[in-house]
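In: A structural model of the following input is requested.
(3 chains)
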Amino acid sequence: MMGQMFGLGYNVILVATGAGLLGLAAGGIGAFLFLRKRSLVSDAISHATLPGVALAFLVMVALGGDGRNLIGLMGGAALSSLAGLVIVHWLDRRTRLGEDAAIGAVLSVFFGFGIVLLTVIQTIGAGRQAGLESFLLGSTAGMLRSDAIIIAVGGALALAACALLRRPMTLVSFDPEYAATQGMRPARIDMAMMALALAVTVVGLKVVGLILIVALLILSPVAARFWTERSEVVALLAGLIGGVSGAAGAVISSLAPDLPTGPIIVLVAAAIFAVSLVLAPQRGVLAGVIAQFQFRRRVHRRQGLLAVAQGQPIYEPYTQRLLRQEGLIRRDGVATSDGQAAAERAALDERRWHMLRGLPEAAPMAARYDGLTPIETVLTADQIADLDRRLTAEGAA
Amino acid sequence: MTDAQLPLQVRGLTVSYGASPAVFSADMRVEPGAMTAIIGPNGAGKSTLLKAVLGIVPALSGQVTVYGKPLDKQRSRIAYVPQRASVDWDFPTRVIDVVQMGLYRQLGLLRRITGRHRSLAMDCLDQVGMADFADRQIGQLSGGQQQRVFLARSLAQGADLYLLDEPFAGVDAATEKAIIDVLKSLKDEGRTILAVHHDLSTVPDYFDRVYIINKSPVAEGPVAEAFTQDALQRAYGGRLASGLLDQLFPVAEAAPAPGFPARTA
Amino acid sequence: MGEEFVALSLPPILIGCLAALACALPGNFLLLRRQALIGDAISHVVLPGIVLGFLVTGTSSTWPMMLGAAIAAVVAVVLIETVRRVGRIEPGAAMGVVFTTLFAAGVLLLEQSDTSSVHLDVEHALYGNLESLIWLDATGWSSLWDPVALAWLPPELTRMAVVLVIVALFIAVLWRPLAISTFDEGFARSLGLPVSALGLALVIVSAIAAVAAFDAVGSIIVIAMFICPPAAARMMTDRLAVQVGWSMLFAVISAVLGYVIAGYGPLWLGYADAVSAAGMIATISGLILGAAALWGPKRRGAQS
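Out: Take a look at the predicted model:
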C-alpha cells in the first residue's frame, strides 16, 4: 500500500482523501456563497446541525439502535440545519430584521437548544453519550473505517454536484438579473447553492466539527479572490486551496496526538489566506500600499506643477517636499529650469484636455479625463497636432 | 471681501476612492448670500466634492476654509442635508426626533430636551409644511416628506452656510416647490446655500451661481456668465440631449469646426 | 425552600440576568448598525484570548484571562476591519475569516498546552458554569442583609454587576451620538462627531460585556443575548428608547425563565438531573424572538 510506504495508515489516507475532496467541494461552493455576499449563512447552517445530531442520537437509541450510526446522525444534522436555513430565510424576508441578525439568532438559538439536548442525553443515557462532543470540533482519532469511507464518498458526491452546477451558479452569482433572462430561476439556483453548502457541512461535521466547518466555506474563497477578478477562476482556485488545506490538514494532524484535525485544516487554509492577503499582485496589501503611495505622489506632483505654471504658491508641505526632492523647485519655492519645463508640459497637457473637452465629436476620448492621464495616451500625434492648431487659433483670437 | 466673509473656499482639493481621482484639484469660492448649484454629469464627483468639503470622505490633498477658518472651528455655522438614500429609513425614530438631531450642538451629550427645544423643532417642521407629521415614524413618510424632514433638521441647526446633496432628487412637485421656497427665504435672510443639483432645466430659475464640474472644475460664476453651452459641453461631453440644450440656449452658439478625427480609445 | 433557593438558585439567576442585560444593551445598537454578528465573532475569539492569558501568566486566576480575552476581542475587531478595508472583502466574509482562524488557533493552543490542571476547556468556554455559581454561605433570605455572608457571594456576581454599570453608563452618556451616527453617518460626521471612534468604542464595550459574561455563563448566552432580545424588541416598537426597554425585559425573562426551566423542568418531569441552563436561556430567547416575529406589532419594516 502507498500509505504504508509513507508510514500513514490506511484510515489516514482515506480521511485525507475525504478531507481533500470535502475541501475542494467546500471551496467551490463557498466561492459562490462569497460572490453572493452570503458567506456567513453557512455559519447558521453549521451551528444549526447540533440539535439534529442530538435528536437523531436520541431517536436511534429509542429505536433500540446504537445511536452512533454516522449516516443517521448526518441525516438528523441535515434536517435541523435545513430548518435553520428556512428560518433565516423567513426572518430575512418576512420581518424587518436583516440577514445578519437572522443568521445570528438562528445560530445561537439552535446551538443553545443543541446543548440542552446534549445535557438531556447525558441525563437519560449516561455512559452511552458516545462522544457527540466530537462533532463540535471534529475528530478523526479512532474513526471507524466505514465512517472514513462515508466521508470520502460524501465529499466526492458534493464535489460532483458542485461541478455539475458550476455554470448556472457562476451566472447567478455574477448577474442574477441576466441569469433570469436566460431562463434560469435565480431563487432556485440560490436554493441549490445552499443545499450544497448544507451537504458539505454535514459531510464535514465529523472531521472538521461544526464550529469550524464554516471556515472551509469562507477562508478558501476569500483567499482565492485575491488572485483573480474572474468568478469561475475564483471557484476553481478556492476549490484547490480548500482541497490542499483539507488533505494537508488531515495528514498533519495524524502525525502527533495533540493536533486536532479541524483546527489544523483551518489553520492551513488561514496560512494560505494570509499569504494571499499580503502578497497577491493586484489586490494584495503590499501591492495596494505601493500603488496608493505612488498615486498620492502623482496627484501632488501634478498639482504642484500646475501651481508653478500658474505662478500660484504651493500650500501643501508634502507637495513642496516632493518637488524639491525631484529638483523641480528650489528651497525658497522658486522653480528650477527643469521645474519650469515640467510645469509648462503639465500646463500644455491641461490646455489640450480643456480644448478636447470642448469638442462634441471628441466626447468619448474626453471622458477619459481624470486630471492625471497624459493626453498622449488617449490621442494620436495627428490629433494632438490638430488640438494645438486650435489652441494657437484661440490664442490669436 | 475678506476671507472671514467668504462662506467657503476650497483650494486644490483632490479625492480618490481607488486608482483614479473622483475629484481632481478643485478650487471653489462660494459667495455669501447666494444660492450656488454644483452641476455635472453622473460620476463627475459632485457629491464627493461636497462630502470632502465636510470631511465625510478623506481628501488626498487640498485645503478647505469656512468663513476664513478651518472647518473644525466652524462646524456650528454649517448645516448639511445628505442624500435621502444614504440613511436607514427603517431606523426606530420619529420625525420630531430627527429634527431634534439638528440641535445636537446645543444639546451636547446630556442636556435635557426642554419645551423650548421642542417648539424650535416644531417651528422648523412647520416651515417645511410637516408639522402634522411630528409623531410619525420616519419610515412611513414618502420620499418627498423625508426630504422635507431632512431640510427641517438643517433649519434647526441655525447655520449660515447650507450644504445640500441632491435635495430635489426623487421628490414630488409639491415638495420641490416647498424646498425651494424655504431655501429662497433663507437666502433672503442673508444665508448662503450650496446644493448639488441634477436638473439643468431649473438651474436659471432656482440658482444665482453655478459651479460646473467633471472631475476638475469646468466653470464657476453667476448663472448668466458661467452657465453656457460651451461649459456644459465640456462637462457633459456627449451626454446632453440636444433637445435640452436647445431649450436652455434657444439661439445656438456657433458650433465648433467639424471633422475632428474620431478614434476609438 | 427559601434557604436552598437563595443559596443555589438566586445567584445564578442574578448573574444570568446581569449578563443578559450587559449584552442586550449594546446589542440594540449593533443590530441597528447591521453588525449583529460582531457578538458572534467576539465570543469565538474569547477562547484564544483566555488560553493566551493563561499561558503568558501561568495562572488560572480570572483577571489575566479576562484581560487576554479582551485583548483578543480588540485584536479581532481590528483584524476584521483590516481585511475588510485593505483586502476589500465584504464584512460578513471578513468576519468569518478572522473568527474561524482565531478560534482554530485557540483550540490548537488549548490542546497543545497542559491545561488539564485548570478548569479550562472548550466545553466550559461554550456552556459556562452558571449552575456552579452558588452562594454556600447563604442560609436564607435573611443572608441578603448579612454582611458576613454577603462577602462570600460568588465573585462573578460582583464582576458582572460592575460591567453592567459600565455598559449602561456608556450607552446612557453616548446615547445621542450613537443614535445620530447609527441613523445618518454622513450627518454625524458633518457635525464633527468622531464617528469611527464611536463605532470602535461600541465594539470594545460589547467585547467587555462579552468577556465578563462569557466568564460567568459561557459564550452561547453571549451570542444569543446580543441578538435575540434586541431583534425581538425591534418588532415591538418604532422608537429607539422603547426598543431598548423591551430588549431589557426580554433579556431578563430569558435569563430567569431559562434558568428555572433548565433547573426545575427535568425534576417536574421526574428526572434527577438538570439540563444546561445556558442552552435553555438561549432557547427561550429564541422562542421570544419567534413569537415577536410572528405577532409583534411592528414586525414588518417600513419598506418591505
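
In: close to chain C, is stretch A:240-247?
Out: No - judged by Cβ under 8 Å from any Cβ of the partner chain, stretch A:240-247 makes no contact with chain C; its nearest approach is 11.1 Å. Glycine gets a C-beta too; all of them are placed from N, C-alpha and C.

In: Provide the contact partners of that stretch at residue level.
Out: Contacts with stretch A:240-247, where a contact means Cβ atoms under 8 Å, 6 or more residues apart in numbering or on different chains, come from A:16-17, A:19-28, A:30, A:216, A:219-220, A:223-224, A:265-266, A:268-269, A:272.

In: how about a cut-off of 6 Å?
Out: A:16, A:19-20, A:22-24, A:26-27, A:216, A:220, A:223-224, A:265, A:268-269, A:272 (Cβ atoms under 6 Å, 6 or more residues apart in numbering or on different chains).

In: Next: stretch B:23-36.
Out: A:303, A:371, B:5, B:7-15, B:45, B:48-49, B:187, B:190, B:192-194, B:207-209, B:211, B:215-217.

In: Could you do stretch B:203-217 as well?
Out: By Cβ under 6 Å, 6+ apart, stretch B:203-217 touches A:370-371, B:24-26, B:34-40, B:44-45, B:180, B:218-220, B:222-223, B:226-227, B:231, B:235.

In: tell me the secondary structure for residue B:221?
Out: Following DSSP: H, G, I helix; E, B strand; the rest coil, residue B:221 is assigned to strand.

In: what do you get for residue B:62?
Out: Residue B:62 carries the three-state label strand when classified by three-state DSSP.

In: What's the ChimeraX syntax to select whichever of the contacts of stretch B:23-36 are buried?
Out: In ChimeraX, the members of the contacts of stretch B:23-36 classed as buried (16 or more other Cβ atoms under 10 Å in any protein chain shown) are selected with the following command:
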select /A:303,371 /B:7,8,9,10,11,12,13,14,15,45,48,49,187,192,193,194,207,208,209,211,215,216,217
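
In: Next, the buried residues of stretch A:89-96.
Out: Neighbour-count burial for stretch A:89-96 flags A:89, A:91, A:92, A:95, A:96 (criterion: 16+ other Cβ under 10 Å).

In: Tell me where the stretch 201-304 of chain C has helices.
Out: In the stretch 201-304 of chain C, the segments counted as helices under DSSP state H, counting those that start in this stretch are C:219-234, C:240-268, C:277-295.

In: Tell me which of those helices lies nearest to residue C:192.
Out: Among these, the nearest to residue C:192 by Cβ to Cβ is helix C:240-268 (22.1 Å).

In: Which strands and helices lie in contact with that closest one?
Out: helix C:10-32, helix C:219-234, helix C:277-295 (3 or more Cβ pairs under 6 Å, 6 or more residues apart in numbering or on different chains; DSSP states H and E).

In: Packed most tightly, which of the ones you listed would that be?
Out: helix C:219-234 (a mean of 32; mean count of other Cβ atoms under 10 Å in any protein chain shown).

In: Kindly export that helix (C-alpha atoms) in CSV.
Out: C-alpha atoms of helix C:219-234 as CSV (Å, rounded to 0.1, in the frame of the first residue of the first chain):
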residue,chain,number,x,y,z
SER,C,219,-20.4,32.1,25.0
ILE,C,220,-23.8,30.7,23.8
ILE,C,221,-25.7,33.1,26.0
VAL,C,222,-23.4,35.9,24.9
ILE,C,223,-24.2,35.4,21.2
ALA,C,224,-27.9,34.9,21.9
MET,C,225,-28.3,37.9,24.2
PHE,C,226,-26.5,40.2,21.8
ILE,C,227,-29.0,39.4,19.1
CYS,C,228,-32.3,37.8,20.2
PRO,C,229,-33.7,40.3,22.8
PRO,C,230,-32.9,43.4,20.6
ALA,C,231,-34.2,41.7,17.5
ALA,C,232,-37.4,40.7,19.3
ALA,C,233,-37.7,44.3,20.7
ARG,C,234,-37.2,45.7,17.2
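
In: can you tell me if it touches chain A.
Out: Yes - residues of helix C:219-234 contacting chain A under Cβ under 6 Å from any Cβ of the partner chain: C:220, C:223, C:224, C:227, C:228, C:231.

In: which of those lies closest to chain B?
Out: residue C:231 (12.4 Å; Cβ to the nearest Cβ).

In: Mind checking which of the contacts of stretch B:23-36 land in helices?
Out: A:303, B:48, B:49, B:187 (DSSP state H).

In: Just put those residues in CSV and tack on pLDDT.
Out: CSV is the format used below for the ones in helices among the contacts of stretch B:23-36 (pLDDT from 0 to 100):
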residue, pLDDT
A:303, 88
B:48, 95
B:49, 96
B:187, 95
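
In: Out of these, which two sit at the greatest distance?
Out: Using Cβ to Cβ, these reach their maximum pairwise distance at A:303 and B:187, which is 33.4 Å.

In: what does stretch A:161-181 rub up against?
Out: For stretch A:161-181, contacts defined as Cβ under 6 Å, 6+ apart pick out A:25, A:28-29, A:32, A:35-36, A:184, A:186, A:189, A:192-193, A:196, A:231-232.

In: could you say which helix or strand contains residue B:23?
Out: For residue B:23, the element it lies in under DSSP states H and E is strand B:21-30.

In: now the helix or strand residue B:97 falls within: mean pLDDT?
Out: Using DSSP H and E, residue B:97 sits within helix B:95-101. Averaged over helix B:95-101, pLDDT sits at 95.

In: picking that back up, quick one: which of the ones in helices among the contacts of stretch B:23-36 is nearest to chain C?
Out: Once Cβ to the nearest Cβ is applied, the member of those that ends up nearest chain C is residue B:48, at 11.9 Å.

In: Pretty sure that closest one sits against residue B:22.
Out: Yes - counting by Cβ atoms under 6 Å, residue B:48 touches residue B:22, with 4.6 Å between them.

In: Chain B contacts on chain A?
Out: So far as Cβ under 6 Å from any Cβ goes, chain A lies against chain B at A:96, A:296, A:299-300, A:303, A:315-316, A:357-367, A:370-371, A:378, A:383.

In: what about residue C:253, neighbour count?
Out: 18 (other Cβ atoms under 10 Å in any protein chain shown).

In: ok, now which ones touch residue A:75?
Out: Residue A:75 neighbours (Cβ under 6 Å, 6+ apart): none.

In: where does it fall, helix, sheet strand or coil?
Out: At residue A:75 the chain is in helix, as set by three-state DSSP.

In: Residue B:154 reaches residue B:82, doesn't it?
Out: No - between residue B:154 and residue B:82 there is no contact under Cβ under 6 Å: 9.8 Å.

In: isn't there a strand covering residue A:184?
Out: No - counting by three-state DSSP, residue A:184 is not part of a strand but coil.

In: Please name the nearest non-neighbouring residue to it.
Out: Excluding the flanking residues, the one nearest residue A:184 by Cβ to Cβ, 6 or more residues apart in numbering or on different chains is residue A:168, at 5.5 Å.

In: What about the one you found, how many residues nearby?
Out: So residue A:168, with other Cβ under 10 Å, has 19 neighbours.

In: ok, now how distant is it from residue A:221?
Out: 18 Å (Cβ to Cβ, to the nearest Å).

In: my guess is residue A:214 contacts residue A:44, does it?
Out: No - judged on Cβ under 6 Å, residue A:214 makes no contact with residue A:44 at a distance of 9.0 Å.
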